[in-house]
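Novice: I'll drop the sequence and a predicted model, then ask my questions.
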2 protein chains.
Amino acid sequence: MRLAELSERSGVPTATIKYYLRERLLPPGTRVTATQSEYGEDHLRRLRLVRALIQVGRMPVATAREVLAATDDETLDQNTRLGAAVWALPHGPEPDEDDPAVAAARLQVDGLLERLGWEHGLESGAASPAYGMLVAAVATLARLGYPHDSDHLAFQAGLAAELARADLDLVEAYPTPAERIEAAVALTVLYEPVLQSLRRLAQAEESTRRFGGR
Amino acid sequence: MRLAELSERSGVPTATIKYYLRERLLPPGTRVTATQSEYGEDHLRRLRLVRALIQVGRMPVATAREVLAATDDETLDQNTRLGAAVWALPHGPEPDEDDPAVAAARLQVDGLLERLGWEHGLESGAASPAYGMLVAAVATLARLGYPHDSDHLAFQAGLAAELARADLDLVEAYPTPAERIEAAVALTVLYEPVLQSLRRLAQAEESTRRFGGR
(Lines give C-alpha, C1' and ligand atoms only; values in the text may rest on other atoms or scores of the structure.)
Protein backbone atom coordinates (compact mmCIF):
# COMPACT_ATOMS: atom_id res chain seq x y z
CA MET A 1 0.00 0.00 0.00
CA ARG A 2 1.02 3.64 -0.49
CA LEU A 3 1.54 6.19 2.28
CA ALA A 4 -2.00 7.55 1.90
CA GLU A 5 -3.54 4.12 2.45
CA LEU A 6 -1.22 3.39 5.37
CA SER A 7 -2.40 6.65 6.90
CA GLU A 8 -6.06 5.87 6.27
CA ARG A 9 -5.90 2.31 7.61
CA SER A 10 -3.88 3.27 10.69
CA GLY A 11 -5.65 6.56 11.40
CA VAL A 12 -2.20 8.20 11.73
CA PRO A 13 -1.78 11.43 9.68
CA THR A 14 0.76 11.18 6.83
CA ALA A 15 2.89 13.93 8.39
CA THR A 16 3.17 11.87 11.59
CA ILE A 17 4.08 8.73 9.62
CA LYS A 18 6.81 10.69 7.80
CA TYR A 19 8.11 11.88 11.16
CA TYR A 20 8.20 8.29 12.49
CA LEU A 21 10.06 7.20 9.32
CA ARG A 22 12.63 10.00 9.77
CA GLU A 23 13.06 9.04 13.44
CA ARG A 24 13.54 5.38 12.42
CA LEU A 25 10.61 4.24 14.54
CA LEU A 26 9.21 2.73 11.37
CA PRO A 27 11.39 0.88 8.80
CA PRO A 28 11.48 2.44 5.32
CA GLY A 29 9.05 1.10 2.70
CA THR A 30 10.11 -0.43 -0.61
CA ARG A 31 10.88 2.37 -3.06
CA VAL A 32 8.75 2.02 -6.22
CA THR A 33 9.36 5.38 -7.90
CA ALA A 34 11.66 8.31 -7.06
CA THR A 35 9.00 9.79 -4.77
CA GLN A 36 6.85 6.82 -3.74
CA SER A 37 7.31 3.80 -1.50
CA GLU A 38 5.22 0.73 -0.91
CA TYR A 39 4.31 -0.35 2.65
CA GLY A 40 3.10 -3.72 3.95
CA GLU A 41 1.04 -5.18 6.79
CA ASP A 42 4.24 -5.15 8.91
CA HIS A 43 4.27 -1.37 8.69
CA LEU A 44 0.67 -1.16 9.76
CA ARG A 45 1.34 -3.36 12.78
CA ARG A 46 4.49 -1.48 13.73
CA LEU A 47 2.64 1.83 13.44
CA ARG A 48 0.06 0.55 15.94
CA LEU A 49 2.80 -0.33 18.39
CA VAL A 50 4.53 3.04 17.94
CA ARG A 51 1.25 4.81 18.70
CA ALA A 52 0.68 2.66 21.78
CA LEU A 53 4.14 3.51 23.09
CA ILE A 54 4.19 7.21 22.28
CA GLN A 55 0.57 8.32 22.56
CA VAL A 56 -0.67 5.97 25.28
CA GLY A 57 2.58 5.12 27.08
CA ARG A 58 3.74 8.77 26.70
CA MET A 59 7.17 7.46 25.91
CA PRO A 60 9.89 9.80 24.60
CA VAL A 61 10.88 9.04 20.98
CA ALA A 62 14.39 7.96 22.03
CA THR A 63 12.96 5.45 24.53
CA ALA A 64 10.48 4.11 21.96
CA ARG A 65 13.40 3.57 19.55
CA GLU A 66 15.15 1.54 22.27
CA VAL A 67 12.05 -0.59 22.94
CA LEU A 68 11.61 -1.25 19.22
CA ALA A 69 15.29 -2.14 18.78
CA ALA A 70 14.91 -4.74 21.55
CA THR A 71 11.79 -6.24 19.94
CA ASP A 72 13.64 -6.43 16.60
CA ASP A 73 16.91 -7.95 17.78
CA GLU A 74 16.82 -11.41 16.17
CA THR A 75 20.08 -12.48 17.81
CA LEU A 76 18.10 -12.82 21.08
CA ASP A 77 15.62 -15.58 21.88
CA GLN A 78 11.92 -14.74 22.11
CA ASN A 79 11.73 -14.53 25.90
CA THR A 80 14.75 -12.23 26.09
CA ARG A 81 13.40 -9.96 23.32
CA LEU A 82 10.04 -9.80 25.05
CA GLY A 83 11.70 -9.03 28.39
CA ALA A 84 14.08 -6.46 26.89
CA ALA A 85 11.19 -4.61 25.28
CA VAL A 86 9.20 -4.48 28.53
CA TRP A 87 12.34 -3.49 30.47
CA ALA A 88 12.80 -0.48 28.23
CA LEU A 89 9.34 0.86 29.19
CA PRO A 90 9.34 3.80 31.64
CA HIS A 91 9.34 2.63 35.26
CA GLY A 92 9.03 5.75 37.37
CA PRO A 93 11.69 7.03 39.77
CA GLU A 94 14.68 4.82 40.65
CA PRO A 95 15.14 3.95 44.33
CA ASP A 96 17.44 6.38 46.16
CA GLU A 97 20.25 4.14 47.44
CA ASP A 98 21.30 6.66 50.12
CA ASP A 99 17.94 6.21 51.83
CA PRO A 100 17.99 3.65 54.68
CA ALA A 101 14.32 2.82 53.88
CA VAL A 102 15.52 1.59 50.46
CA ALA A 103 17.91 -0.97 51.94
CA ALA A 104 15.12 -2.32 54.17
CA ALA A 105 12.68 -2.37 51.23
CA ARG A 106 15.19 -4.30 49.11
CA LEU A 107 15.47 -7.00 51.78
CA GLN A 108 11.69 -7.17 52.02
CA VAL A 109 11.25 -7.44 48.24
CA ASP A 110 13.89 -10.19 48.03
CA GLY A 111 12.06 -12.09 50.78
CA LEU A 112 8.79 -11.67 48.92
CA LEU A 113 10.21 -12.93 45.61
CA GLU A 114 11.71 -15.93 47.39
CA ARG A 115 8.42 -16.71 49.11
CA LEU A 116 6.61 -16.45 45.76
CA GLY A 117 9.21 -18.55 43.98
CA TRP A 118 9.72 -15.79 41.42
CA GLU A 119 13.19 -16.93 40.39
CA HIS A 120 13.50 -14.73 37.36
CA GLY A 121 12.90 -11.63 39.50
CA LEU A 122 15.38 -12.82 42.13
CA GLU A 123 18.05 -13.57 39.54
CA SER A 124 17.70 -10.31 37.63
CA GLY A 125 17.35 -8.42 40.94
CA ALA A 126 18.69 -4.89 40.87
CA ALA A 127 19.12 -5.08 37.07
CA SER A 128 15.36 -5.29 36.51
CA PRO A 129 13.57 -1.92 36.31
CA ALA A 130 10.32 -3.42 37.67
CA TYR A 131 12.24 -4.70 40.70
CA GLY A 132 13.69 -1.19 41.25
CA MET A 133 10.23 0.31 40.91
CA LEU A 134 8.83 -2.08 43.53
CA VAL A 135 11.71 -1.36 45.95
CA ALA A 136 11.16 2.40 45.53
CA ALA A 137 7.40 2.06 46.09
CA VAL A 138 7.79 -0.10 49.22
CA ALA A 139 10.42 2.30 50.62
CA THR A 140 8.00 5.21 50.11
CA LEU A 141 5.17 3.37 51.90
CA ALA A 142 7.54 2.64 54.79
CA ARG A 143 8.94 6.19 54.95
CA LEU A 144 5.44 7.69 55.01
CA GLY A 145 4.25 5.16 57.61
CA TYR A 146 1.63 3.40 55.45
CA PRO A 147 0.99 -0.38 55.55
CA HIS A 148 3.41 -2.46 53.46
CA ASP A 149 3.64 -5.80 55.26
CA SER A 150 4.74 -8.83 53.27
CA ASP A 151 1.41 -10.64 53.58
CA HIS A 152 -0.35 -7.76 51.87
CA LEU A 153 2.33 -7.56 49.17
CA ALA A 154 2.08 -11.34 48.64
CA PHE A 155 -1.68 -11.01 48.24
CA GLN A 156 -1.23 -8.28 45.63
CA ALA A 157 1.45 -10.37 43.91
CA GLY A 158 -0.98 -13.29 43.68
CA LEU A 159 -3.49 -11.11 41.83
CA ALA A 160 -0.69 -9.74 39.63
CA ALA A 161 0.25 -13.33 38.72
CA GLU A 162 -3.34 -14.02 37.65
CA LEU A 163 -3.27 -10.90 35.48
CA ALA A 164 0.09 -11.90 33.99
CA ARG A 165 -1.21 -15.37 33.05
CA ALA A 166 -4.16 -13.77 31.27
CA ASP A 167 -1.80 -11.25 29.58
CA LEU A 168 0.42 -14.05 28.32
CA ASP A 169 -2.61 -16.04 27.08
CA LEU A 170 -3.51 -13.06 24.89
CA VAL A 171 0.10 -12.69 23.75
CA GLU A 172 0.39 -16.40 22.87
CA ALA A 173 -2.67 -16.16 20.63
CA TYR A 174 -0.62 -14.11 18.13
CA PRO A 175 0.86 -16.36 15.43
CA THR A 176 4.41 -15.02 14.94
CA PRO A 177 7.16 -14.14 17.45
CA ALA A 178 7.29 -10.54 16.13
CA GLU A 179 3.56 -10.10 16.72
CA ARG A 180 3.81 -11.67 20.17
CA ILE A 181 6.55 -9.27 21.21
CA GLU A 182 4.65 -6.29 19.83
CA ALA A 183 1.48 -7.41 21.62
CA ALA A 184 3.33 -7.94 24.92
CA VAL A 185 4.66 -4.39 24.87
CA ALA A 186 1.39 -2.85 23.71
CA LEU A 187 -0.79 -4.76 26.19
CA THR A 188 1.53 -3.98 29.10
CA VAL A 189 1.15 -0.29 28.32
CA LEU A 190 -2.50 -0.27 27.22
CA TYR A 191 -3.91 -2.29 30.13
CA GLU A 192 -2.31 -0.11 32.79
CA PRO A 193 -5.01 2.60 32.58
CA VAL A 194 -7.69 -0.14 32.34
CA LEU A 195 -6.51 -1.69 35.61
CA GLN A 196 -6.03 1.66 37.32
CA SER A 197 -9.52 2.85 36.45
CA LEU A 198 -11.13 -0.50 37.37
CA ARG A 199 -9.43 -0.39 40.78
CA ARG A 200 -10.73 3.13 41.40
CA LEU A 201 -14.24 2.21 40.27
CA ALA A 202 -14.13 -0.90 42.49
CA GLN A 203 -12.97 1.23 45.43
CA ALA A 204 -15.94 3.55 44.92
CA GLU A 205 -18.32 0.55 44.91
CA GLU A 206 -16.75 -0.93 48.00
CA SER A 207 -16.69 2.41 49.81
CA THR A 208 -20.35 3.02 49.01
CA ARG A 209 -21.18 -0.45 50.29
CA ARG A 210 -19.28 0.08 53.56
CA PHE A 211 -19.77 3.75 54.32
CA GLY A 212 -23.14 4.14 52.59
CA GLY A 213 -24.77 7.50 51.83
CA ARG A 214 -24.39 8.42 48.17
CA MET B 1 6.06 20.52 68.32
CA ARG B 2 8.02 23.30 66.62
CA LEU B 3 8.80 23.54 62.89
CA ALA B 4 12.24 21.95 63.37
CA GLU B 5 10.75 18.87 65.02
CA LEU B 6 7.97 18.62 62.43
CA SER B 7 10.70 18.65 59.77
CA GLU B 8 12.77 16.04 61.57
CA ARG B 9 9.88 13.68 62.25
CA SER B 10 8.43 13.98 58.74
CA GLY B 11 11.75 14.04 56.89
CA VAL B 12 10.49 17.09 54.97
CA PRO B 13 12.95 20.05 54.90
CA THR B 14 11.73 23.16 56.77
CA ALA B 15 11.85 25.23 53.56
CA THR B 16 9.46 22.75 51.92
CA ILE B 17 7.12 22.82 54.93
CA LYS B 18 7.07 26.64 54.78
CA TYR B 19 6.23 26.41 51.09
CA TYR B 20 3.35 24.01 51.82
CA LEU B 21 2.09 26.39 54.53
CA ARG B 22 2.20 29.34 52.11
CA GLU B 23 0.37 27.30 49.47
CA ARG B 24 -2.28 26.32 52.07
CA LEU B 25 -1.61 22.61 51.61
CA LEU B 26 -0.97 22.50 55.34
CA PRO B 27 -3.12 24.39 57.88
CA PRO B 28 -1.26 27.03 59.94
CA GLY B 29 0.08 26.02 63.36
CA THR B 30 -0.93 27.68 66.61
CA ARG B 31 1.08 30.88 67.00
CA VAL B 32 2.99 30.83 70.30
CA THR B 33 5.34 33.82 69.83
CA ALA B 34 5.62 36.45 67.09
CA THR B 35 7.90 34.17 65.07
CA GLN B 36 7.08 30.65 66.26
CA SER B 37 4.13 28.30 65.85
CA GLU B 38 3.26 25.00 67.42
CA TYR B 39 2.29 22.00 65.27
CA GLY B 40 0.45 18.80 66.21
CA GLU B 41 0.13 15.19 65.10
CA ASP B 42 -2.50 16.33 62.60
CA HIS B 43 0.16 18.37 60.82
CA LEU B 44 2.50 15.41 60.71
CA ARG B 45 -0.22 13.23 59.18
CA ARG B 46 -1.26 15.88 56.68
CA LEU B 47 2.36 16.39 55.68
CA ARG B 48 2.62 12.69 54.89
CA LEU B 49 -0.43 12.89 52.66
CA VAL B 50 0.87 16.02 50.88
CA ARG B 51 4.14 14.22 50.12
CA ALA B 52 2.27 11.17 48.84
CA LEU B 53 0.22 13.34 46.49
CA ILE B 54 2.97 15.64 45.25
CA GLN B 55 6.12 13.54 45.32
CA VAL B 56 4.67 10.11 44.58
CA GLY B 57 1.45 11.01 42.75
CA ARG B 58 3.31 13.84 40.92
CA MET B 59 0.27 15.98 41.42
CA PRO B 60 0.36 19.73 40.64
CA VAL B 61 0.03 21.88 43.78
CA ALA B 62 -3.34 23.27 42.65
CA THR B 63 -4.72 19.74 42.21
CA ALA B 64 -3.38 18.65 45.61
CA ARG B 65 -5.14 21.65 47.17
CA GLU B 66 -8.40 20.47 45.55
CA VAL B 67 -7.95 16.90 46.83
CA LEU B 68 -7.22 18.17 50.34
CA ALA B 69 -10.22 20.52 50.28
CA ALA B 70 -12.45 17.55 49.44
CA THR B 71 -11.00 15.45 52.27
CA ASP B 72 -11.57 18.37 54.68
CA ASP B 73 -15.12 19.29 53.71
CA GLU B 74 -17.08 18.34 56.81
CA THR B 75 -20.43 19.23 55.21
CA LEU B 76 -20.10 16.01 53.18
CA ASP B 77 -20.56 12.49 54.53
CA GLN B 78 -17.55 10.21 54.80
CA ASN B 79 -18.18 8.23 51.62
CA THR B 80 -18.65 11.39 49.56
CA ARG B 81 -15.50 12.98 51.00
CA LEU B 82 -13.54 9.84 50.29
CA GLY B 83 -14.91 9.67 46.75
CA ALA B 84 -14.36 13.38 46.11
CA ALA B 85 -10.74 13.10 47.17
CA VAL B 86 -10.07 10.12 44.91
CA TRP B 87 -11.99 11.81 42.06
CA ALA B 88 -9.65 14.78 42.24
CA LEU B 89 -6.61 12.53 41.59
CA PRO B 90 -5.14 12.74 38.06
CA HIS B 91 -6.83 10.30 35.68
CA GLY B 92 -4.92 10.57 32.42
CA PRO B 93 -6.40 11.82 29.15
CA GLU B 94 -10.16 12.37 28.85
CA PRO B 95 -11.98 10.36 26.15
CA ASP B 96 -12.24 12.23 22.84
CA GLU B 97 -16.01 12.44 22.25
CA ASP B 98 -15.59 13.03 18.50
CA ASP B 99 -14.05 9.60 18.14
CA PRO B 100 -16.57 6.89 17.10
CA ALA B 101 -14.49 4.34 19.07
CA VAL B 102 -15.34 6.32 22.22
CA ALA B 103 -19.10 5.94 21.76
CA ALA B 104 -18.68 2.18 21.28
CA ALA B 105 -16.37 1.96 24.31
CA ARG B 106 -18.92 3.84 26.44
CA LEU B 107 -21.63 1.31 25.57
CA GLN B 108 -19.25 -1.54 26.36
CA VAL B 109 -18.24 -0.04 29.72
CA ASP B 110 -21.90 0.55 30.67
CA GLY B 111 -22.64 -3.09 29.81
CA LEU B 112 -19.69 -4.21 31.92
CA LEU B 113 -20.75 -2.14 34.95
CA GLU B 114 -24.27 -3.51 34.67
CA ARG B 115 -23.01 -7.09 34.43
CA LEU B 116 -20.80 -6.49 37.50
CA GLY B 117 -23.62 -4.80 39.41
CA TRP B 118 -21.41 -1.75 39.99
CA GLU B 119 -24.30 0.62 40.59
CA HIS B 120 -22.24 3.50 41.89
CA GLY B 121 -20.18 3.51 38.67
CA LEU B 122 -23.32 3.30 36.52
CA GLU B 123 -25.02 6.14 38.39
CA SER B 124 -22.05 8.48 38.37
CA GLY B 125 -21.29 7.49 34.76
CA ALA B 126 -19.72 10.22 32.69
CA ALA B 127 -19.24 12.39 35.80
CA SER B 128 -16.71 9.94 37.29
CA PRO B 129 -13.11 10.46 36.14
CA ALA B 130 -12.29 6.75 36.60
CA TYR B 131 -15.20 5.90 34.27
CA GLY B 132 -13.85 8.38 31.70
CA MET B 133 -10.38 6.88 32.03
CA LEU B 134 -11.75 3.37 31.42
CA VAL B 135 -13.75 4.50 28.37
CA ALA B 136 -10.66 6.20 26.92
CA ALA B 137 -8.50 3.12 27.54
CA VAL B 138 -11.02 0.71 25.97
CA ALA B 139 -11.44 3.02 22.96
CA THR B 140 -7.66 3.05 22.47
CA LEU B 141 -7.47 -0.75 22.61
CA ALA B 142 -10.27 -0.95 20.03
CA ARG B 143 -8.76 1.69 17.75
CA LEU B 144 -5.37 -0.03 17.76
CA GLY B 145 -6.96 -3.44 17.21
CA TYR B 146 -5.92 -5.06 20.51
CA PRO B 147 -8.14 -7.43 22.52
CA HIS B 148 -10.71 -5.71 24.74
CA ASP B 149 -13.63 -8.13 24.92
CA SER B 150 -16.02 -7.85 27.84
CA ASP B 151 -15.10 -11.25 29.31
CA HIS B 152 -11.51 -10.16 29.65
CA LEU B 153 -12.52 -6.81 31.16
CA ALA B 154 -14.87 -8.58 33.59
CA PHE B 155 -12.01 -10.86 34.64
CA GLN B 156 -9.78 -7.83 35.29
CA ALA B 157 -12.64 -6.11 37.14
CA GLY B 158 -12.99 -9.15 39.41
CA LEU B 159 -9.33 -8.88 40.41
CA ALA B 160 -9.74 -5.10 40.85
CA ALA B 161 -12.66 -5.77 43.22
CA GLU B 162 -10.46 -8.08 45.32
CA LEU B 163 -7.81 -5.35 45.49
CA ALA B 164 -10.43 -2.75 46.43
CA ARG B 165 -11.74 -4.89 49.28
CA ALA B 166 -8.20 -5.24 50.64
CA ASP B 167 -7.63 -1.47 50.18
CA LEU B 168 -10.80 -0.67 52.13
CA ASP B 169 -9.84 -3.14 54.89
CA LEU B 170 -6.63 -1.17 55.38
CA VAL B 171 -8.54 2.12 55.27
CA GLU B 172 -11.12 0.94 57.82
CA ALA B 173 -8.34 0.07 60.28
CA TYR B 174 -7.70 3.82 60.80
CA PRO B 175 -9.63 5.10 63.81
CA THR B 176 -10.98 8.50 62.68
CA PRO B 177 -12.83 9.55 59.49
CA ALA B 178 -10.10 12.12 58.70
CA GLU B 179 -7.40 9.44 58.89
CA ARG B 180 -9.49 7.05 56.80
CA ILE B 181 -9.91 9.62 54.05
CA GLU B 182 -6.22 10.49 54.10
CA ALA B 183 -5.28 6.81 53.97
CA ALA B 184 -7.69 6.14 51.08
CA VAL B 185 -6.11 8.87 48.97
CA ALA B 186 -2.54 7.94 49.94
CA LEU B 187 -2.99 4.20 49.39
CA THR B 188 -4.72 4.72 46.03
CA VAL B 189 -1.69 6.70 44.87
CA LEU B 190 1.06 4.72 46.65
CA TYR B 191 -0.11 1.23 45.64
CA GLU B 192 -0.30 2.06 41.94
CA PRO B 193 3.48 1.66 41.36
CA VAL B 194 3.42 -1.45 43.60
CA LEU B 195 0.76 -3.09 41.42
CA GLN B 196 2.37 -1.95 38.18
CA SER B 197 5.76 -3.36 39.13
CA LEU B 198 4.29 -6.62 40.48
CA ARG B 199 2.41 -7.14 37.20
CA ARG B 200 5.59 -6.61 35.18
CA LEU B 201 7.59 -8.93 37.43
CA ALA B 202 4.83 -11.55 37.17
CA GLN B 203 4.82 -11.19 33.37
CA ALA B 204 8.56 -11.84 33.30
CA GLU B 205 8.07 -15.00 35.43
CA GLU B 206 5.25 -16.23 33.25
CA SER B 207 7.10 -15.44 30.05
CA THR B 208 10.20 -17.28 31.27
CA ARG B 209 8.01 -20.25 32.18
CA ARG B 210 6.31 -20.36 28.77
CA PHE B 211 9.02 -19.24 26.37
CA GLY B 212 11.98 -20.51 28.43
CA GLY B 213 15.61 -19.66 27.65
CA ARG B 214 17.05 -17.17 30.10
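Specialist: Yep, it's here. Numbers count the residues shown, from 1 in each chain, chains lettered A, B, ... in the order given.
Novice: drop to CA atoms for contacts and neighbour counts, all remaining ones
Specialist: Fine.
Novice: A:Pro129: neighbour count?
Specialist: Number of residues near A:Pro129 (other C-alpha atoms under 10 Å in any protein chain shown) recorded here: 23.
Novice: quick one, phi/psi of it?
Specialist: Reported as degrees, to the nearest 10, the phi and psi values for A:Pro129 are phi -60, psi -30.
Novice: which residues sit in contact with it?
Specialist: The contact partners of A:Pro129, by C-alpha atoms under 8 Å, 6 or more residues apart in numbering or on different chains, come to A:87, A:91.
Novice: From A:Trp87, how far off is it?
Specialist: When distances are taken as C-alpha to C-alpha, to the nearest Å, A:Pro129 and A:Trp87 turn out to be 6 Å apart.
Novice: Name the helix or strand of chain A that has the lowest mean pLDDT.
Specialist: Taking mean pLDDT, DSSP states H and E as the measure, helix A:78-87 is the helix or strand of chain A with the lowest mean score, a mean of 77.
Novice: by contact count, what packs against it?
Specialist: For helix A:78-87, the helices and strands in contact under the criterion 3 or more C-alpha pairs under 8 Å, 6 or more residues apart in numbering or on different chains; DSSP states H and E are helix A:61-72, helix A:177-211, helix B:177-211.
Novice: Show me where chain A has its strands.
Specialist: In chain A, the segments counted as strands under DSSP state E are A:30-31, A:37-38.
Novice: Which among these is found nearest to chain B?
Specialist: Taking C-alpha to the nearest C-alpha as the criterion, strand A:37-38 is the member of the strands of chain A that comes nearest to chain B, at 21.5 Å.
Novice: Partner strands of that closest one and their direction?
Specialist: Paired with strand A:37-38 in the same sheet, following DSSP bridges, are strand A:30-31 (antiparallel).
Novice: Can you give the distance of the strand it pairs with from its chain's centre?
Specialist: A distance of 32 Å separates the centroid of the chain from that of strand A:30-31, by C-alpha atoms, centre = their mean, to the nearest Å.
Novice: what do you get for stretch A:202-214?
Specialist: If you compare the mean C-alpha spot of stretch A:202-214 with that of the full chain, they lie 31 Å apart, counting by C-alpha atoms, centre = their mean.
Novice: Need the residues that contact that stretch.
Specialist: Residues outside stretch A:202-214 that contact it (C-alpha under 8 Å, 6+ apart): B:77-80, B:83, B:118-121, B:157, B:160-161, B:164-165, B:167-168.
Novice: What subset of these is buried?
Specialist: Buried subset of those (neighbour count, 16 or more other C-alpha atoms under 10 Å in any protein chain shown): B:78-80, B:83, B:118, B:120-121, B:157, B:160-161, B:164-165, B:167-168.
Novice: What about those residues, which are in helices?
Specialist: Among the buried ones among the contacts of stretch A:202-214, the residues falling in helices (DSSP state H) are B:78-80, B:83, B:120-121, B:157, B:160-161, B:164-165, B:167-168.
Novice: and of those, the nearest to A:Lys18?
Specialist: Proximity to A:Lys18 was ranked across these by C-alpha to C-alpha; first place goes to B:Ala157, at 39.0 Å.
Novice: isn't A:Leu68 right up against A:Arg24?
Specialist: No: A:Leu68 is not in contact with A:Arg24 according to C-alpha atoms under 8 Å; the separation is 9.7 Å.
Novice: More neighbours: these two, which one.
Specialist: When A:Leu68 and A:Arg24 are compared on other C-alpha under 10 Å, the one with more neighbours turns out to be A:Leu68, at 24 against 14.
Novice: how about the more buried one, what does it touch?
Specialist: Under the criterion of C-alpha under 8 Å, 6+ apart, the contact list for A:Leu68 reads A:25, A:85.
Novice: Could you rerun that using 7 Å?
Specialist: A:Ala85 (C-alpha atoms under 7 Å, 6 or more residues apart in numbering or on different chains).
Novice: How much space separates it from A:Arg48?
Specialist: Taking C-alpha to C-alpha as the measure, A:Leu68 falls 12 Å from A:Arg48.
Novice: again, but for A:Gly145
Specialist: With distances taken as C-alpha to C-alpha, A:Gly145 is found 42 Å from A:Arg48.
Novice: out of these two, which sits in the busier spot?
Specialist: Taking other C-alpha under 10 Å, A:Gly145 and A:Arg48 do not tie; A:Arg48 has more neighbours (21 against 12).
Novice: Distance check, the nearest residue to the more buried one once chain neighbours are set aside against A:Val56.
Specialist: Counting by C-alpha to C-alpha, 6 or more residues apart in numbering or on different chains, the nearest residue to A:Arg48 once its immediate chain neighbours are dropped is B:Leu144, at 5.8 Å. Distance from B:Leu144 to A:Val56, counting by C-alpha to C-alpha: 11 Å.
Novice: Then A:Thr63?
Specialist: Distance, A:Thr63 to A:Val56, by C-alpha to C-alpha: 14 Å.
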